[in-house]
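Q: Could you work out the structure for the sequence below:
(one chain, ligands or ions: 1)
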Amino acid sequence: MKLGFIGLGNMGNNMAMNLLKTGHTLQVTDLRREAGANLEEAGAVWVDSAEQAVSGADFSFLSLPMPKDVEHVVLGDGGVLAGCQTGHTIVDMSTNAPTVVKSLAEQCRAKGVDFLDAPVSGGVRGARNASLAIMVGGDKAVYERCEPLLKAMGENVFHVGDIGAGNVAKLVNNMLAFIHMMGAAEALVLGTKAGVDPNVLWSIVKASSGGSFIWNAGTRAILRDRLAPTFTIDLARKDIGLATGLADELQVPLKMAKLAEELIAGYQQNGYAQEDVLATIKELEKLTGTTVRGTWRDPA
Ligand code: NAD
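A: This is a model prediction of the structure:
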């Protein structure tokens, strides 16, 4: 088969590399030419537009920052709909608004093109190791055609329901993860300021009722001071805003998520927009005169 991949950033580059390993022809593009260099070396074909990336392709995959980027890439001049043939399937793996993917799917259907929303969880490491969770919304038969390709990128692939359902699951997951990240940072700084060695605190919570995936992996990254921007505050602001927007639409009162949104929006305006969401711990360290980063000791 011939496949297209559009958006070769932190996530997309790694996901495209895993798709390439399936042996299908892969046409790739991004606004940044350099983002495709390693894929080209591995055998992918670089092209200069989304329209060319989907030319002759059976499936295309998108991993783009914002809902408006996906709309532009699908509907705009030189975009996917301009270049693909009838029977083509677009798989949007970006985190997107359920309303946006529903509208895109409708516009694609009118042109004989299928559309799935298939956002992912598991971060850059999951994208690299092909161990992502992938949550898919859309027609079941279309999903089944696509499943082997999705399994090349993720270990846990779910068909959630109709179009948009993948993003509902993703937004709920991320909302919970951000609430937890903000709480974990506060817990770490409070315990440390009160005199407990942060490294010891990490082991205790890990073995106790406050422990979680975020605590185990995220808090460890903070202690190791490994906070390269693999998931930026800009993207976190998008996700939490989409979750609270969905809640407003459905009149579900979310107090915890709105507080996390307020904190994240504050960090975004306060110089952290392009930093990793976990790097916001620096602000709490500064405010409290407490150091937690760089205190990691490998367990004996
Ligand atoms: P990123 O900013 O690293 O990559 C996005 C890429 O899209 C960039 O290379 C950019 O140049 C490219 N791009 C933007 N507009 C384009 C256009 N019009 N045409 C072609 N290319 C274009 O973002 P990321 O971290 O890889 O995230 C991608 C998506 O995955 C987002 O929707 C994000 O919310 C989601 N996501 C990210 C993570 C993570 O840990 N980073 C985890 C799960 C989901």
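
Q: where does the residue sitting furthest away from the middle of the chain land in three-state SS?
A: Distance from the C-alpha centroid of the chain, by CA atoms, centre = their mean, peaks at residue 195 (36.0 Å). Assigned by DSSP: H, G, I helix; E, B strand; the rest coil, the conformation of residue 195 is coil.

Q: In terms of pLDDT, where does it sit?
A: The per-residue pLDDT reported for residue 195 equals 98.

Q: Give the helix, strand or coil label for the closest residue to the ligand within the stretch 1-150 of the chain.
A: Residue of the stretch 1-150 of the chain nearest the ligand, by CB to the nearest ligand atom: residue 9 (1.7 Å). Where C-beta positions appear, they are placed from N, C-alpha and C, glycine not excepted. Secondary structure assignment for residue 9 (three-state DSSP): coil.

Q: Could you do residue 295 as well?
A: coil.

Q: What residues does the protein have near the ligand?
A: Contact residues (CB under 6 Å from any ligand atom) of the chain with the ligand: 6-12, 29-32, 35, 63-65, 69, 72-73, 94-95, 120-121, 123-124, 230-231, 235.

Q: Look up how far residue 35 lies from the residue of the stretch 1-150 of the chain closest to the ligand.
A: 7 Å (CB to CB, to the nearest Å).

Q: which ones among the residues of the chain next to the ligand are found in strands?
A: If you go by DSSP state E, the residues of the chain next to the ligand have 6, 29, 120, 121 in strands.

Q: If any of those residues are buried, put those into a ChimeraX selection.
A: Burial among these is assessed by 16 or more other CB atoms under 10 Å; the matching ChimeraX selection reads:
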select :6,29,120,121
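
Q: from the ones in strands among the residues of the chain next to the ligand, which two are the most distant?
A: Farthest apart among these by CB to CB are 29 and 121. That separation is 24.7 Å.

Q: elements contacting the helix or strand encompassing residue 3?
A: Assessed by DSSP states H and E, residue 3 sits inside strand 2-6. Counting contacts by 3 or more CB pairs under 8 Å, 6 or more residues apart in numbering; DSSP states H and E, strand 2-6 is packed against helix 12-20, strand 25-29, helix 50-53, strand 59-62.

Q: With just CA atoms, put it into CSV.
A: Extracted in CSV, the C-alpha atoms of strand 2-6 (Å, rounded to 0.1, in the frame of the first residue of the first chain):
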residue,chain,number,x,y,z
LYS,A,2,0.9,3.6,-0.2
LEU,A,3,0.5,5.8,2.9
GLY,A,4,0.8,9.5,3.7
PHE,A,5,2.0,11.1,7.0
ILE,A,6,1.6,14.8,7.7
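
Q: for that strand, the distance to its chain's centre please.
A: Distance of strand 2-6 from the chain centroid (CA atoms, centre = their mean, to the nearest Å) equals 19 Å.

Q: quick one, it and helix 12-20 angle?
A: Orientation check (axes from the mean of the first three to the mean of the last three CA atoms, to 10 degrees): strand 2-6 against helix 12-20 gives 170 degrees.

Q: Show me what strand 2-6 is in contact with.
A: Residues outside strand 2-6 that contact it (CB atoms under 8 Å, 6 or more residues apart in numbering) are 12, 15-16, 19, 24-30, 44, 50, 53-64, 73, 80, 149.
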